[in-house]
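>>> Sequence below, structure please.
(chains A, B, C and D)
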There are 2 protein chains.
Amino acid sequence: MKNKQKQIQLRDVQDVIDIIGGRWRGAILASLCDKEKRFNELQRDLGEITARTLIKELKYLEMNKLIDRNIDQTESSTVRYMLTKHGKSLDPLIEAIVSWGQQHRKLILGKSDMKILDEAIAG
Amino acid sequence: MKNKQKQIQLRDVQDVIDIIGGRWRGAILASLCDKEKRFNELQRDLGEITARTLIKELKYLEMNKLIDRNIDQTESSTVRYMLTKHGKSLDPLIEAIVSWGQQHRKLILGKSDMKILDEAIAG
DNA sequence: TTGGTAGGTATCCTAAAAGATAGTTGTATT
DNA sequence: AATACAACTATCTTTTAGGATACCTACCAA
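Modelled structure (predicted):
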């Protein structure tokens, strides 16, 4: 019984990490927390993502009801991506993630890049 | 300036997802939030993970100072994995994740498995 | 009518993650 | 001395994510 409960929680963690995990999804959602964005705007925002990857991730997030894809008919069929209400419910979680990430960096390094972690710990 | 701020947050999100992301890390940490565990105990807990993968992930988490590997000398060199103090600071975040995950499943399906999401949405 | 931008698609390719499976070492157990 | 379990390690193979690149369509502006 107690064991069952635990299993459910592990699955929940896995599911959420599926959704915000991967190289880009978290960042896409974080970027859309700010405000709605157009395709190219997102692509510039994220830096190095290719169009192929971006569109794939956007479709995935759309399927999961986290974002909407809106075509603005008035203005030459502009496409806008925005969080759904459900997507917006992720906002506090993302902020918690950001805040933990900042603490983590401070605690581990007091430096700006966590990728050098291995050396830092070895030394 | 405002743009700069946004960049930093995106990086934070990425960093944290690096740490708790992937197929297993989140679940391993969640499982250790409960209590310290032995290697085989963890392996059973997580269901389908192979020893090779588990040990790799454990080493990664150890390197990132989130867990400790303790050898109990008294009792036939039993190995125990447990969260460090820093690892424990992830607990609230993991609980937030679990709670959002539960909401998500309810909202999307009212069912028990999110993996059938695609069909559910298509229908 | 040519060029530029937005919003994509289609193919091919590579590197990294993770599974399958077998083997190893140490300890305790009978 | 033989068996069994814990805690790994080693090798090989498959799967998957994501990059590189080229192309396409619609719309507008000059």
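>>> State the helix or strand in which the residue nearest the centre of chain A lies.
Taking Cα atoms, centre = their mean, the centroid of chain A lies closest to residue A:26, which sits 1.3 Å from it. Using DSSP states H and E, residue A:26 falls within helix A:25-34.
>>> May I ask which helix or strand of chain A has the lowest mean pLDDT?
Scoring the helices and strands of chain A by mean pLDDT, DSSP states H and E places helix A:117-122 at the bottom, with a mean of 37.
>>> Mind listing residues that contact the helix holding residue A:26?
Helix A:25-34 is contacted by residues A:19-20, A:37, A:42, A:45-46, A:54, A:57-58, A:60-61, A:66-67, A:81-83, A:87-88, A:90-91, A:94, A:97-98, B:6, B:9-10, B:13-14, B:16-17 when judged by Cβ atoms under 8 Å, 6 or more residues apart in numbering or on different chains. Bear in mind the C-beta positions are built from the backbone N, C-alpha and C, glycine included.
>>> hmm, which of those residues are the buried ones?
Among the contacts of helix A:25-34, those classed as buried by 16 or more other Cβ atoms under 10 Å in any protein chain shown are A:19-20, A:37, A:42, A:45-46, A:54, A:57-58, A:60-61, A:66-67, A:81, A:83, A:87, A:90, A:94, A:97-98, B:9-10, B:13-14, B:16-17.
>>> can you narrow those to ones near DNA strand D?
residue A:57 (Cβ under 7 Å from any atom of the strand).
>>> In helices, which of the buried ones among the contacts of helix A:25-34 fall?
Those of the buried ones among the contacts of helix A:25-34 mapping onto helices are A:19-20, A:42, A:45-46, A:54, A:57-58, A:60-61, A:87, A:94, A:97-98, B:9-10, B:13-14, B:16-17, per DSSP state H.
>>> Tell me the pLDDT of the residue nearest to the centre of chain A.
You'll see residue A:26 listed with a pLDDT of 94.
>>> What residues does chain A have near DNA strand C?
Proximity of chain A to DNA strand C (Cβ under 7 Å from any atom of the strand) is limited to residues A:38, A:39, A:40, A:41, A:51, A:52, A:55, A:69, A:78, A:79, A:80.
>>> Give me the domain ranges for chain A.
Domain assignment for chain A by automatic domain parsing gives A:2-84, A:90-123.
>>> Low-confidence ranges, chain A, go.
Where chain A drops to pLDDT under 70, the residues are A:1-4, A:75, A:109-123.
>>> Setting aside sequence-adjacent positions, which residue approaches residue A:98 most closely?
Spatial nearest neighbour of residue A:98, excluding adjacent residues (Cβ to Cβ, 6 or more residues apart in numbering or on different chains): residue B:12 at 4.4 Å.
>>> got a list of what the one you found touches?
The contact partners of residue B:12, by Cβ under 8 Å, 6+ apart, come to A:97, A:98, A:101, A:102, A:105.
>>> Confirm for me that the first one is in contact with residue B:13.
Same thing as residue A:97. Yes: between residue A:97 and residue B:13 a contact is recorded at 5.7 Å, counting by Cβ atoms under 8 Å.
>>> Check the gap between residue A:61 and DNA strand C for me.
Distance, residue A:61 to DNA strand C, by Cβ to the nearest atom of the strand, to the nearest Å: 12 Å.
>>> What parts of chain A come near DNA strand D?
Checking chain A against DNA strand D by Cβ under 7 Å from any atom of the strand, the hits are A:22, A:23, A:24, A:48, A:49, A:50, A:51, A:52, A:53, A:57, A:76, A:77.
>>> Now list the buried members of the residues you listed.
Among the residues of chain A next to DNA strand D, those classed as buried by 16+ other Cβ under 10 Å are A:22, A:24, A:49, A:57.
>>> Alright, that wraps it up for me.
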